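1. What follows is a predicted structure for the sequence shown.
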Amino acid sequence: MVRIGELLQAITVKESMNHRDLEITGVSYHSQKVSQGDLFVCVKGYKTDGHKYLSQAISKGAAAAVVEDYQESMSIPQYIVGNSRQALAQLGAAFYRSPSEKMKMIGITATNGKTTTSYMTNAILENHGFRTGLIGTVSIKNDDSYIPSELTTPESLDLQNYLAQMADNDVSHVSMEVSSIAMDMYRVETVDYDIVMLNNVSREHLADHGSFENYFAAKSKLIRNAREGSFAVLNLDCPYSSSLIGETMATPVTYGVKSDHGHLTCRNLDLSTGRAKFTVEIVKPFYAEGREYEPCQFDMELAVPGLHSVYNSMAAITAGLLSGVSISTIQETLRTFGGVERRFEMIYDKDVKVLDDHFANAGNINVTLETLKYMDFNNLHLIYAIRGARGIEVNRENAETIAEWATKLGVDEITATSSVSHVTEKDKVQEEEVEIFQQVMEDAGITVHLYDELPEAITHALASIESEDLVLLGGCQGMDHGAEIALHQLNQREAGKVELRQTIFSTE
């Protein structure tokens, strides 16, 4: 519990109405979750306005409210602010006693690879012996306890609650994904980061931000707002990431896979099996955690496939070094790190290889297909789930990227699906999205085998595979069940071969 006057010091109050010196038992922003004695924050959202639910909050025991618009006929104290969502973040940090200041916080943003990078980083820190926390798209981890995530980056008040629980559990290092929407909505307004990363930026979430420029502005806040004394890990191969080197008070530490002008660079990259082997060279010295990293080289071998995994690992390696983790621990961790579901995941590796990737946007598709250029295989069979409810432009860009790489990879036909029965209503593929995909493929001279249903598309593609071929399951929500379906069909195919061999043997 805390006196309301102490809490109000965390925000800028424009005007106070009916002020009383109260003891506040909690802070809430959801009227159904209010407890007796709570301070209720009326947040204006995209779909609803918390001011509409103030009376419900009062009936459940709210003792006071933070509002943008004064609500007449409500007798409880009301404190008027300019931005209640920002105030929620500030009040959350104040109520939970700024838990992020008690731990090493690593914030990771990118269009693609946030989840994998956060898991790689967490694994490195954990193997070093740190008690770790993890916050992101898949789950929230508090040492050895996990709960499913609802948002990539939780609402600010919930985030502060999770961080407080971690601090109370003696967690020392937290790796967290930071979405562009979270930054625009002040969810990480009061998180004290020690390391921030911007791995890459490509076109995505344009409907949420209105333009690519707004999207990049949101992404860059994590770097631009970083405090003096922290580190900003930036990718020199991404022009948007590298453009922020001089735009932050944090100390930049840079890396590149293609560029060799950073602090760390990648040498001798071998992706022939899909799983990378390479040498990390520290080109420029840097200082962290009481030691100076001088120029040197060390070898890396990744268990997870893909060129994008090399980029993700370079970011995670840098974070590990900045956290004082030994090179040997980093090497062993990434040699055994198994990856994250549907992130260029090798789901079948026998006479043929099958990869599963969420193929979210043009940037993701580009780096995924670029990996295949380095791999050894006979024929590529691409099964693509068209991205539903993302509009013509996103689907045009996805299709153009696929078409560009299809030519380079010797692909002249693609199996595509609308996955009608395998997506929810909000991800249904629209007719115009199918049309733009087909139009781009037709213009590129690529034959499309289009199926309404995902299982039929996979059946068609697998019918023509031969030994040493590569199958790529690509797509977001529409391909989420693709691995299960493909593995079932491949296992049936394998069982059929065994049965045939047994029949021939018994006949002979």
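-> Done, it's in.

2. contacts, neighbours, all on C-alpha from now
-> OK.

3. low-scoring pLDDT stretches of the stretch 351-500 of the chain, where are they?
-> 496-500 (pLDDT under 70).

4. Show me where it has its strands.
-> 353-357, 380-385, 413-417, 447-451, 470-474 (DSSP state E, counting those that start in this stretch).

5. Give the pairing partners of the last one; include direction for each.
-> Right, strand 470-474. strand 353-357 (parallel), strand 380-385 (parallel) (DSSP bridges).

6. highest average neighbour count across those?
-> strand 380-385 (a mean of 25; mean count of other Cα atoms under 10 Å).

7. Give the full set of residues in contact with the one residue sitting closest to the centre of the chain.
-> Nearest residue to the geometric centre of the chain (Cα atoms, centre = their mean): residue 114, 3.5 Å. Neighbour list for residue 114: 108, 177-178 [criterion: Cα atoms under 8 Å, 6 or more residues apart in numbering].

8. Among those residues, which ones are in helices?
-> Within the contacts of residue 114, no residue falls in helices by DSSP state H.

9. Let me have the residues you listed in JSON lines, extended by distance to residue 263 and pLDDT.
-> Converted to JSON lines, these look like this (distance: Cα to Cα, whole Å; pLDDT from 0 to 100):
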{"residue": "108", "distance to residue 263": "19", "pLDDT": "98"}
{"residue": "177", "distance to residue 263": "23", "pLDDT": "97"}
{"residue": "178", "distance to residue 263": "24", "pLDDT": "97"}
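
10. and which of those is nearest residue 11?
-> Nearest to residue 11 among the contacts of residue 114 is residue 178, at 23.1 Å by Cα to Cα.

11. quick one, what contacts the closest one?
-> Contacts of residue 178 by Cα under 8 Å, 6+ apart are 107-109, 114, 136, 152-153, 188.

12. Which members of those are the farthest-apart pair?
-> Among these, 114 and 188 lie farthest apart (Cα to Cα), at 15.7 Å.

13. any idea how the chain splits into domains?
-> 2-95, 99-336, 345-495 (automatic domain parsing).

14. quick one: the helices in the stretch 401-508 of the chain?
-> 431-443, 454-462, 482-507 (DSSP state H, counting those that start in this stretch).

15. Deepest in the core, which of the ones you listed is it.
-> Note that of these, helix 454-462 is the most buried (mean count of other Cα under 10 Å), with a mean of 19.

16. Which residues outside it are in contact with it?
-> Contacts for helix 454-462 (Cα under 8 Å, 6+ apart): 381-383, 385, 415-422, 449-451, 478-479, 482, 485-486, 489-490.

17. CA atoms of it as PDB?
-> The C-alpha trace of helix 454-462 is given here as PDB (Å, rounded to 0.1, in the frame of the first residue of the first chain):
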ATOM      1  CA  LEU A 454      -3.800 -26.200 -46.300                       C
ATOM      2  CA  PRO A 455      -3.700 -30.000 -46.300                       C
ATOM      3  CA  GLU A 456      -4.400 -30.200 -50.000                       C
ATOM      4  CA  ALA A 457      -1.700 -27.800 -50.800                       C
ATOM      5  CA  ILE A 458       0.900 -29.800 -48.800                       C
ATOM      6  CA  THR A 459      -0.300 -33.000 -50.400                       C
ATOM      7  CA  HIS A 460       0.200 -31.500 -53.900                       C
ATOM      8  CA  ALA A 461       3.700 -30.300 -53.100                       C
ATOM      9  CA  LEU A 462       4.900 -33.400 -51.400                       C
END
